[in-house]
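Trainee: after the sequence you'll find the predicted model.
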Amino acid sequence: MDWPSSSKAVLAACVSVTAGMVLALSITSGPARAGSWSALAMVTNVKTNPEIYLKARDRSDARFVASGQSPSWTPDGQRLAFVDAGDVFIVNWDGSGLTQLTGSTREEKTPAWSPDGTQIAFSAGGDLYVMDADGLNVRRLTESTDSEAEPSWSPDGKQIAFAAHVAMLEQLFVVNSDGSGRTRLSDGTAPDHDPDWSPDGGLIVFTSLRDGQQEIYTVPAIGGPLVRLTTNPGEDLNPAWSPQGTSIVFVSDRLGTNDLFVMAPDGSGQTRITRYPASETDPEWRPTS
């Protein structure tokens, strides 16, 4: 399967590399043209801590952006929100303009930009919060005894899907963007997590352990029957939709290490797209603009 043809379709991902292991790519720095970095953004532990990189489809090297993990693109694909040392930061795609948005003791996780780019949802202390894109006007979205994380906005910005621990199992929920109308999507039979809303708003792709190992499924955003997309002996997880909704990128260790793969929304055409001696996680497509 080909990657999206748009010159601005990019992935963000987290790559974990054992200390002392060398990536099979050349790490570069300095000025670059935005159009030349058109396929993959990654996070790697080359220096024992997670680091975000951009990786072009047609190049063998990668460009360092910032130290951190859990990257999330702005709707225009020009900036990333991410977490480093328990705080939320934003940075331009080329590594400039690094700005810290939070500084509390709550250990913020998994930031996600709203579709209009004006807000960032994140988790802290087991609850979901939303703040303005400049880090101001922080407000609590949920308040419960469940540990909630991994927010994913609906394309219209009216709802947020997330994972919460209920009775020792991670389950999927949807809540209105003002915190009202919490609805459960999971059936409570197995751990479900990693939700990502499809660009057309119809489906949520996620990871589940319901068949004995981590596999990728979809569920209608309004609830309904699940569809299993992966059936491999390895662990498949961290799915994310392409901006056009024509592909899903995910992580799999089916070949021995965590690599990134892409597939069609029905699970067909599963194709490996990275071959680094690394453990890659948290892929995130760069939006088109």
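Mentor: Noted; the coordinates are in hand.
Trainee: walking through the stretch 101-250 of the chain, point out its strands one by one.
Mentor: Ranges of strands in the stretch 101-250 of the chain, per DSSP state E, counting those that start in this stretch, are 108-113, 119-124, 127-132, 139-140, 148-153, 159-166, 169-176, 183-184, 192-197, 203-208, 215-220, 227-228, 236-241, 248-252.
Trainee: who's in contact with the closest residue to residue 116 other than its chain neighbours?
Mentor: Of all residues not flanking residue 116 in the chain, residue 157 sits nearest, at 5.8 Å (C-beta to C-beta, 6 or more residues apart in numbering). (C-beta placed from N, C-alpha, C; glycine too.) Shown in contact with residue 157 (C-beta atoms under 8 Å, 6 or more residues apart in numbering): 114, 115, 116, 177.
Trainee: out of those residues, the closest to residue 273 would be?
Mentor: Comparing the contacts of residue 157 against residue 273 with C-beta to C-beta places residue 115 closest, at 25.7 Å.
Trainee: relative to residue 190, how far out is the residue nearest to that closest one when sequence neighbours are not counted?
Mentor: Closest residue in space to residue 115, ignoring its immediate chain neighbours: residue 157 at 4.6 Å, by C-beta to C-beta, 6+ apart. For residue 157, the distance to residue 190 (C-beta to C-beta, to the nearest Å) stands at 30 Å.
Trainee: ok, residue 148 next?
Mentor: The gap separating residue 148 from residue 190 is 18 Å, by C-beta to C-beta.
Trainee: more neighbours, these two?
Mentor: Taking other C-beta atoms under 10 Å, residue 148 and residue 190 do not tie; residue 148 has more neighbours (26 against 14).
Trainee: buried residues in stretch 75-90?
Mentor: By 16 or more other C-beta atoms under 10 Å, the buried positions in stretch 75-90 come out as 75, 77-84, 87-90.
Trainee: and that stretch, end to end?
Mentor: One end of stretch 75-90 to the other measures 13 Å (C-alpha to C-alpha, to the nearest Å).
Trainee: distance from it to the middle of the chain?
Mentor: Averaging C-alpha positions (C-alpha atoms, centre = their mean, to the nearest Å) puts stretch 75-90 11 Å from its chain's average.
Trainee: go on, stretch 92-108?
Mentor: 17 Å.
Trainee: give me the residues contacting it.
Mentor: Contacts to stretch 92-108, defined as C-beta under 8 Å, 6+ apart, come from residues 10, 29, 31-32, 34, 37, 41, 54, 63-66, 77-81, 83, 86-91, 120, 122-125, 129, 131, 134-135, 138, 286.
Trainee: report the buried residues of it.
Mentor: Of all the residues in stretch 92-108, those buried under the rule 16+ other C-beta under 10 Å are 92, 93, 94, 95, 101, 102, 108.
Trainee: stretch 236-255 too?
Mentor: Neighbour counts over stretch 236-255 (16+ other C-beta under 10 Å) mark 236-243, 247-254 as buried.
Trainee: closest one to residue 205 out of those, please.
Mentor: residue 239 (4.4 Å).
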